[in-house]
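Enquirer: give me coordinates for this.
(chains A and B)
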Amino acid sequence: MPDQKSFGQKLLANIRNYIVTYVFLIISIVFVFFSGQTLNYVFSSLVARLTRNLFIVMALIIPIVAGMGINFAITIGAMAAQIALLFVINWGFTGIAGIALAALITVPLAAVFGVGIGSLMNKMKGQETIGSMILGYFATGLYQLLFLFIFGNVIPMSQKVTIVGSTGIRNTLNLMGDVGLYKVVDKLWQIPFTTAVLAVTGIVVLGAVLLLVLKKIATKKAAMLLTTAVVLCGLYFVPPITACFAGITVPAVTFLIVGLLCLFNVAIMKTRLGQKFRAVGQSMTVANAAGINVNRTRIIAIVISTVLAGWGQILFLQNLGTLQTYAAHEMVGLYAGAAILVGGASIDRATNGQALIGCLIFHTLFIVAQDAGKNLFGDPNVGEYFRVFMSYGVIALALVMYAWRSASTAKTNLRARQQG
Amino acid sequence: MKRSKIQWALSILLAIATLAMAIAGTTGFIMHSGGYAAQKLEDMRTYAVIHTAAGKIIDQVAKEAKSTAKEWASAKNETTGEPNIKGRDNQRAYYNAAEDAARAEAEVKYAQFEGMDLSPLTLTIPKVEAAEKAYYDVEAQEKAIYAAVYLKVHELAGTQSAAWLTELESKLLTFEQLTEERLAAAEAPYAELDEEGKLALSTQLAQPAASIAAVFGLTAAQASDGFAALRGTMAEALPLYAAMDTAAKASADAALAPAMEALTRVLGGLYGTSWVSREALEAQIQSFSAAAMAIAAQDYAAAYGTLPDKAEKGFAKAFQKLFTSVVSDAQAASMQALSAEAAPVEDDVDVAEAVVVDYVGFVGSEALTALNANIDVEYNQLWSAVMTILPSLTEDMREDQKAGIEAVIYAPDERFEAKYARLSEAKATLALDQTDAFKMSIAASASNLLLGAIALLVITLVAFFYQPLVKKLGVPRLIIGLFFVMLLILSGLYGLNMSSMMSNVLKRTGQYGILVLAMLPGIQCGISLNMGMTVGIVAGLLSTLIALEANMTGWLAFWFAVVVGCIFAAPIGWAYAKLLNRLKGNEMTVSTYVGFSFVSLMSIFWMILPFHNPKLTWALGSGLRVMHTMAGNIGGLLNNFLSFSIFGVTIPTGLLLFLLLCCGILWLFSRSRTGTAMIAAGSNPRFAEAAGISVDRMRTIGTTLSTVVAAVGIIVYSQSFGFMQLYSGPRQMGFTAASAILIGGASTSRAKVSHVIIGTFLFQGVLSMGILVANQAISANGLSEVMRILISNGIILYALTQSGGETNA
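Expert: Numbers count the residues shown, from 1 in each chain, chains lettered A, B, ... in the order given. Below is the predicted model of the structure:
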């Protein structure tokens, strides 16, 4: 049936579905214009921010597919990563070995936390979003208890991480200098932006051709993909556009890791487990009737999400270079959730592409909001508050739209049942 | 109700322990109040003095006897030329025999010594104790004020400019000078203490200061270091300010006048007086107890959300900003360098610093000198008496022994228990037989034993009635209830000031009560926990701001704010209710984020709304300030209305009456036709719909009511708290209110007025007592904050697991 629709109708439908994304896209373009910043600055900041944030945003996808809404409890995954990093710094591991060790320690910690979060969420079905948010707050309390009164007291720690003469762990842990964890993943292999563009175009072209040969995708779709990739690549080499990206380097390994996560998110949906996620996400009652252990499946989804969030936080912190011990995890859930929703995801649908587009738009706004606020309203704080409003607002909007839609679906179903 | 064997065994064991502790405590108490312990203690003190002195004297006499014997022997050898009395061993035996004989003789004399009257020595002790107490109080209060001032400096400096800082600097210098004067005065009674006594006192004083600083989230050292950093920067910044031309200075100063005034008001709020009046300030400081200071300080710290690092960052950022806006371009560059130096105090500078009291150059008062001379006279008289018994004592020995005797008499912190412990340590228990010693220790810990017995009794009862209690209350409420009781008992054990604590709990109950009450109609009408009540809070803030903009004060301002706040809140609440009516089943999630978004949207409006009163707007830049003091307009109106004190507990009559009035109105409403219909619609919408009640209409009424009550709630809160906070301030208030009503016994679908009152009292009680007890238990920052986070979010999580599980499965 969609084939019968004209292009105009399709575009309209697309705009209707992605209205949030389009609105934010327009706002971000307007803001970039009014910020007075050069595009080069915006793009280089954007690459840095994507390096930091993309992974953790993608950690949200699986719980959304499994029908558990935006998992704001990824803050707990971030806490697991921070505990792991604390131990790594305490033991004095440096470089890539240190980061690998932190990632390794994160796994059991985050998995155990994930089982706990999942079990609790199973007790509040339908309230997962708010539940996970409050769980995040609650865990912050436990985290502070751990870092202020257990570490450094009950579990002795070296003076590198503790506050001398008082109790607990320092407010700020430095990952730079002697600690040797700053940008170790990012710096493994840095390539110029042009190389990255060519590489990505090459991969897309190769992939499209390969899939076409294997008859995995339709000719029309492959052709579109190829054209888009080549045209975009060609556009990049128009001199004024190339100039916008001058001097930007891309941390190739970090983006490769993000790429692997994308593949993982796609691949897992093809497995039996992935089918279960979908089934549970669509209807728990039906899934249960089909013999799927609903609660177990949901717990697995959360465990995966929590571990991924932990790794994401490690990537984030190694790029940033400092760990704000008591604050670094606080905004993780909010910003990641807002970013994916800006990308057009909803409470029950999300893809890698939405995460990527969401991150691009959300972080562009982040970069320019202050300057735009200053130029438009004469006060940078207006931009700052707009940024916060935007984060909360997009979540509220997504929740309202979702609740609205499910309410109207329920009504339609009810009416259909009454008539039939 | 079935109990397992383990439960029976545990309950019985606990009951026996309770009984034993209660009996021991009562016995101890009877002994203590019967004067037995005091008498024995006096005996011990006398004994300890004599023992210490006499013991040393005897040793010395014996030593001398031995050396005399040696001299005598060698002299004899020399005169007779005869060899020694049959070998070295015999010689040593001879010396030892001489020593023993001397010792025996001394001990006989020591027996006489025991009956002597030593009372002259102990006469001055109460005076020393009083001086000690005065010193301690002043020191602790100064530190608390110092830390508070430091925080204010950081908070305010983030938004002010050079001229303002100059003036602040001078005022702080005055304050410091004042502090020094007061400390010097307090030090007077100590001038004549020996070095050991001084050291002991310093160590002891360091502790309360540190724990008070901990209330502010920083150590004493951080406070002083931070202040020093600020002053360092100021010193470098001032010449640059001086280099500005007159016109620039004048305009900067004019722009800053309101900021200065704001500081005066904030600090005024802190001391309940104005900076201008130093006498009043001093009087105020004297009347503050350390506990009251700690509570007040905690309130401010919580209100400003000023974690030290945030404050410092804000400070560094603002410093840079303000200098570039006030100073010319050329000066700006050097200023920026300075601002880098002004940057935060490092986290790791907080090495706990003992308060070292330097007595160099100190001259004691006449009274003290006289007192000291008197002690010397009395000591000398005593010594002469001793010398008549033991003529071999020399004048040098008199000086040697003085320190020893004084050490027994003059140790600080002479509470009954401490005296006992110290004297026992000095081996004075030799004066008591085993039974006496045991009785003494029971008497010493009588009050603790009794409190322990009460605690055990509570635990026993909980263990025995565990099942019905859990069924009735739920696990979290049981834990919080137990926590409340345990905190009460711990406050007793730590000897905290109960009456000031109760005053604070009552004040906080009234302060938060109406905000919590706003949850009630929401739950009753079926929209669950109305986290979006912040919408109403914003309406209340707006109406108060309008009253302040028009320079209204007193009851006019209060009632204007209440009425206009209701008028604002009603339509917003109505629109909000219409939104929620379309989202049945998801209200809590949606309302939380709608509330959050609304608060952040309003943050933009606070920046651009056309308010012009310089008391409300930033001196530099545009928009409303973050904090607004209520002093001088509606601050404390309800709290002080008909308020009175009973047993040292201040009852904020007006505040409590107003809370009861609001509760009463909502209670009456819930009994009315509409109210009954609303509760029916909330608890069983299908049934209500079938009975002809419009569920949507009832939900609209409930939500609107909740929003309106929230608007009133924030006005009452602000007048009691003394400050009003804009921007992100109201964001989490819905959570606090939700936790309180849930603790009171409400669920997400059922609530009563009693849940509001009980919940607010319990929650605020646990928080305010917890802060004080936690600071006594461990001197570390943040424990009370952790407790608040855990309790507040834990109870909401519990309510969610109770309500969400079945409905959507």
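Enquirer: show me the shaky parts of chain B.
Expert: Where chain B drops to pLDDT under 70, the residues are B:1, B:42, B:45-419, B:422-433, B:619-622, B:775, B:777-782, B:803-809.
Enquirer: which helix or strand contains the closest residue to residue A:273 other than its chain neighbours?
Expert: Nearest residue to residue A:273, sequence neighbours excluded (CB to CB, 6 or more residues apart in numbering or on different chains): residue A:300, at 6.9 Å. Bear in mind the C-beta positions are built from the backbone N, C-alpha and C, glycine included. In the assignment (DSSP states H and E), residue A:300 maps to helix A:294-320.
Enquirer: and whichever helix or strand comes after that helix, what does it pack onto?
Expert: Using DSSP H and E, the helix or strand that follows helix A:294-320 towards the C-terminus is strand A:322-324. Contacts defined by 3 or more CB pairs under 8 Å, 6 or more residues apart in numbering or on different chains; DSSP states H and E place strand A:322-324 against strand A:172-174.
Enquirer: buried sites along the strand it packs on?
Expert: A:172-173 (16 or more other CB atoms under 10 Å in any protein chain shown).
Enquirer: can you report how many residues neighbour the closest residue to chain B within chain A?
Expert: Closest to chain B within chain A is residue A:126: 2.9 Å, counting by CB to the nearest CB. Residues near residue A:126, counting by other CB atoms under 10 Å in any protein chain shown, number 21.
Enquirer: now residue A:370
Expert: The number of residues packed near residue A:370 is 19, by other CB under 10 Å.
Enquirer: what strand or helix carries it?
Expert: For residue A:370, the host element (DSSP H and E) is helix A:352-377.
Enquirer: where do the helices sit along the stretch 701-809 of chain B?
Expert: Under the criterion DSSP state H, counting those that start in this stretch, the stretch 701-809 of chain B contains helices at B:733-743, B:753-777, B:783-807.
Enquirer: which strands or helices does the first one pack on?
Expert: Under the contact definition 3+ CB pairs under 8 Å, 6+ apart, helix B:733-743 sits against helix B:475-493, helix B:498-517, helix B:519-525, helix B:534-549, helix B:753-777, helix B:783-807.
Enquirer: which helices and strands does the first one pack with?
Expert: Using 3+ CB pairs under 8 Å, 6+ apart as the contact criterion, the elements in contact with helix B:475-493 are helix B:446-464, helix B:466-473, helix B:498-517, helix B:733-743, helix B:753-777, helix B:783-807.
Enquirer: now do the fourth one
Expert: Under the contact criterion of 3+ CB pairs under 8 Å, 6+ apart, the helices and strands touching helix B:534-549 comprise helix B:554-581, helix B:587-608, helix B:695-721, helix B:733-743.
Enquirer: in the sheet, which strands lie alongside the next helix or strand along the chain from the second one, parallel or antiparallel?
Expert: It stands for helix B:587-608. Toward the C-terminus, helix B:587-608 is succeeded by strand B:627-629 as the next helix or strand (DSSP H and E). Using DSSP bridges, strand B:627-629 pairs in its sheet with strand B:723-725 (antiparallel).
Enquirer: and the contacts of the strand it pairs with?
Expert: Here strand B:723-725 makes contact (CB atoms under 8 Å, 6 or more residues apart in numbering or on different chains) with B:269, B:303, B:541, B:544, B:626-630, B:714, B:718.
Enquirer: if we can go back for a sec, identify whichever of the helices and strands packed on helix B:733-743 lies nearest to residue A:53.
Expert: helix B:783-807 (25.7 Å; CB to CB).
Enquirer: now do that closest one against helix B:475-493, angle only.
Expert: Helix B:783-807 and helix B:475-493 meet at an angle of 160 degrees, taking axes from the mean of the first three to the mean of the last three CA atoms, to 10 degrees as the criterion.
Enquirer: that older thread, most tightly packed of the helices and strands packed on helix B:733-743?
Expert: helix B:519-525 (a mean of 29; mean count of other CB atoms under 10 Å in any protein chain shown).
Enquirer: hmm, that one in reach of chain A?
Expert: No - contact of helix B:519-525 with chain A (CB under 8 Å from any CB of the partner chain) is absent, the minimum separation being 14.8 Å.
Enquirer: just checking, what packs against the longest helix along chain A?
Expert: The longest helix of chain A (DSSP state H) is helix A:380-419. Here helix A:380-419 touches helix A:19-35, helix A:332-342, helix A:352-377, helix B:587-608, going by 3+ CB pairs under 8 Å, 6+ apart.
Enquirer: same question for the third one, mean pLDDT?
Expert: Think helix A:352-377. For helix A:352-377, the mean per-residue pLDDT is 87.
Enquirer: just the buried residues of that helix, please?
Expert: By 16+ other CB under 10 Å, the buried positions in helix A:352-377 come out as A:352, A:354-375, A:377.
Enquirer: kindly report the same for the last one.
Expert: Within helix B:587-608, the residues scored as buried using 16+ other CB under 10 Å are B:587-604, B:606-607.
Enquirer: I'd guessed residue A:86 sits against residue A:173; true?
Expert: Yes - contact status for residue A:86 versus residue A:173: in contact at 7.0 Å, counting by CB atoms under 8 Å.
Enquirer: what is in contact with these two at once?
Expert: A:161, A:325.
Enquirer: shouldn't the residue of chain A closest to chain B be within a helix?
Expert: No - per DSSP: H, G, I helix; E, B strand; the rest coil, residue A:126 lies outside any helix segment and is coil.
Enquirer: what about it, distance to residue B:785?
Expert: Residue A:126 sits 31 Å away from residue B:785, going by CB to CB, to the nearest Å.
Enquirer: what do you get for residue A:74?
Expert: From residue A:74 to residue B:785 the distance is 23 Å (CB to CB).
Enquirer: ditto for residue A:356
Expert: In terms of CB to CB, residue A:356 sits 38 Å off from residue B:785.
Enquirer: next: residue A:345.
Expert: Taking CB to CB, one finds residue A:345 at 34 Å from residue B:785.
Enquirer: likewise residue A:293?
Expert: On the measure of CB to CB, residue A:293 and residue B:785 end up 40 Å apart.
Enquirer: which residues of the stretch 51-200 of chain A fall in helices?
Expert: Applying DSSP H, counting those that start in this stretch to the stretch 51-200 of chain A gives helices spanning A:61-65, A:74-91, A:95-122, A:128-145, A:193-213.
Enquirer: the ones you listed: which one's closest to residue B:695?
Expert: helix A:128-145 (22.5 Å).
Enquirer: tell me which residues are up against the closest one.
Expert: For helix A:128-145, using CB under 8 Å, 6+ apart, the contacting residues are A:63, A:68-73, A:75-76, A:79, A:113, A:117, A:120-121, A:124, A:326, A:329-330, A:333, A:347, A:399, B:588-589, B:592, B:735, B:782, B:785-787, B:789-790, B:792-794, B:796-797, B:800, B:804.
Enquirer: let's see that with 6 Å instead.
Expert: A:68-73, A:75-76, A:79, A:121, A:124, A:333, B:588-589, B:592, B:786, B:789-790, B:793-794, B:796-797, B:800 (CB atoms under 6 Å, 6 or more residues apart in numbering or on different chains).
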